[in-house]
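K.L.:
quick check, what structure comes out for this input:
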Amino acid sequence: MPVWIVETIGMSAALLGTTCWLPQVIKLVRFKETHALSLWTNVLILATVSLWLIYGIALGSLPIIIANIASVTMVGIIVIYKIKYG
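P.N.:
Below you'll find the model as predicted:
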């Protein structure tokens, strides 16, 4: 399979996988309502996407790096809001 196809698949997965966090972040920033969210689940997700980011950097894989920078940012916001607004 040509590299450009593999990269396109990776970038598509990155876009779809990170877009799912956006509605949650927008809702949190807007309403600051976090009681239904689990802090520990989101901390574990943050650790997971952070490790994926390190892995992507080690591999030099742009799709993995981009996806996980976005995920670390959005899940990080969720964790911060959960800590701040409980």
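K.L.:
for the spatially most central residue of the chain, which residues are in contact?
P.N.:
Nearest to the geometric centre of the chain sits S71, at 1.4 Å (C-alpha atoms, centre = their mean). When contacts are counted by C-beta atoms under 8 Å, 6 or more residues apart in numbering, S71 touches 17-18, 21, 49, 52-53. C-betas here are computed from N, CA, C, even on glycine.
K.L.:
surely V75 and T41 touch.
P.N.:
No. Proximity of V75 to T41 does not meet the contact threshold set by C-beta atoms under 8 Å, at 10.2 Å.
K.L.:
which one of the two is surrounded by more residues?
P.N.:
Applying other C-beta atoms under 10 Å to V75 and T41 shows that V75 carries more neighbours, namely 24 against 11.
K.L.:
please name the residues that touch that one.
P.N.:
V75 touches 21, 42, 45-46, 49, counting by C-beta under 8 Å, 6+ apart.
K.L.:
return the distance of whichever strand or helix holds it from the chain's centre.
P.N.:
Assigned by DSSP states H and E, V75 falls within helix 62-85. Its chain's C-alpha centre and that of helix 62-85 lie 5 Å apart, by C-alpha atoms, centre = their mean, to the nearest Å.
K.L.:
numbering from 34 from now on, please.
P.N.:
With 34 as the first residue, the last one maps to helix 95-118.
K.L.:
okay, buried residues for that helix please.
P.N.:
Buried residues in helix 95-118, counted by 16 or more other C-beta atoms under 10 Å: 96-105, 107-108, 110-112, 114-115.
K.L.:
packing partners of the helix or strand of the chain with the lowest mean pLDDT?
P.N.:
Within the chain, no helix or strand scores below helix 36-52, which has a mean of 91 by mean pLDDT, DSSP states H and E. The criterion is 3 or more C-beta pairs under 8 Å, 6 or more residues apart in numbering; DSSP states H and E, and the helices and strands that helix 36-52 contacts are helix 95-118.
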